[in-house]
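Participant: Please work out how this folds:
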Amino acid sequence: EGYVESAAIGLLAGRFAAAERLGHAPSLPPLTTAFGALLNHITGGHLVSDDEPGKRSFQPMNVNFGLFPPVEAP
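Facilitator: Model (predicted):
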């Protein structure tokens, strides 16, 4: 339903605002975390794809495994 995702993005926005106010660079969460994967999606990371021709558009979604980068084999 998006409640967890909305709360998470609100927390990140607060951290980013505090960092900006204090003159610090924001600390981005790794792409391998739910926070990082979702933030990457909503800020344009979903636009980079060589195998999907045509016009790109943003589609809001809840966090899911499709947002994470591929896992490398050990």
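Participant: Grab the longest helix from the chain for me.
Facilitator: In the chain, ranked by residue count with DSSP state H as the criterion, the top helix is helix 3-21.
Participant: same for that one, what does it pack against?
Facilitator: Packing contacts for helix 3-21, counted by 3 or more C-beta pairs under 8 Å, 6 or more residues apart in numbering; DSSP states H and E, involve helix 34-42. Heads up, the C-betas are built off the backbone N, CA and C, glycines and all.
Participant: any idea how far the helix it packs on is from the chain center?
Facilitator: A distance of 1 Å separates the centroid of the chain from that of helix 34-42, by C-alpha atoms, centre = their mean, to the nearest Å.
Participant: Equivalent analysis for stretch 28-40, please.
Facilitator: With C-alpha atoms, centre = their mean, you get 5 Å for stretch 28-40.
Participant: Could you do stretch 20-29 as well?
Facilitator: On the basis of C-alpha atoms, centre = their mean, stretch 20-29 sits 16 Å off its chain's mean C-alpha point.
Participant: Show me what the mean pLDDT comes to for it.
Facilitator: Mean pLDDT, stretch 20-29: 95.
Participant: And for the longest helix of the chain, what's in contact with it?
Facilitator: The contact list for helix 3-21 (C-beta atoms under 8 Å, 6 or more residues apart in numbering) reads 25-27, 29, 34-35, 38-39, 42, 62-63.
Participant: and if we set it to 6 Å?
Facilitator: The contact list for helix 3-21, computed with C-beta atoms under 6 Å, 6 or more residues apart in numbering, reads 26, 35, 62-63.
Participant: Mark which of the residues you listed are buried, thanks.
Facilitator: Burial by neighbour count, 16 or more other C-beta atoms under 10 Å: within the contacts of helix 3-21 this picks out 35, 63.
Participant: Same list, the contacts of helix 3-21, but as a markdown table with secondary structure and distance to G10 please.
Facilitator: Shown next, in a markdown table, are the contacts of helix 3-21 (DSSP: H, G, I helix; E, B strand; the rest coil; distance: C-beta to C-beta, whole Å):
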| residue | secondary structure | distance to G10 |
| --- | --- | --- |
| P26 | coil | 15 |
| F35 | helix | 11 |
| N62 | coil | 15 |
| V63 | coil | 14 |
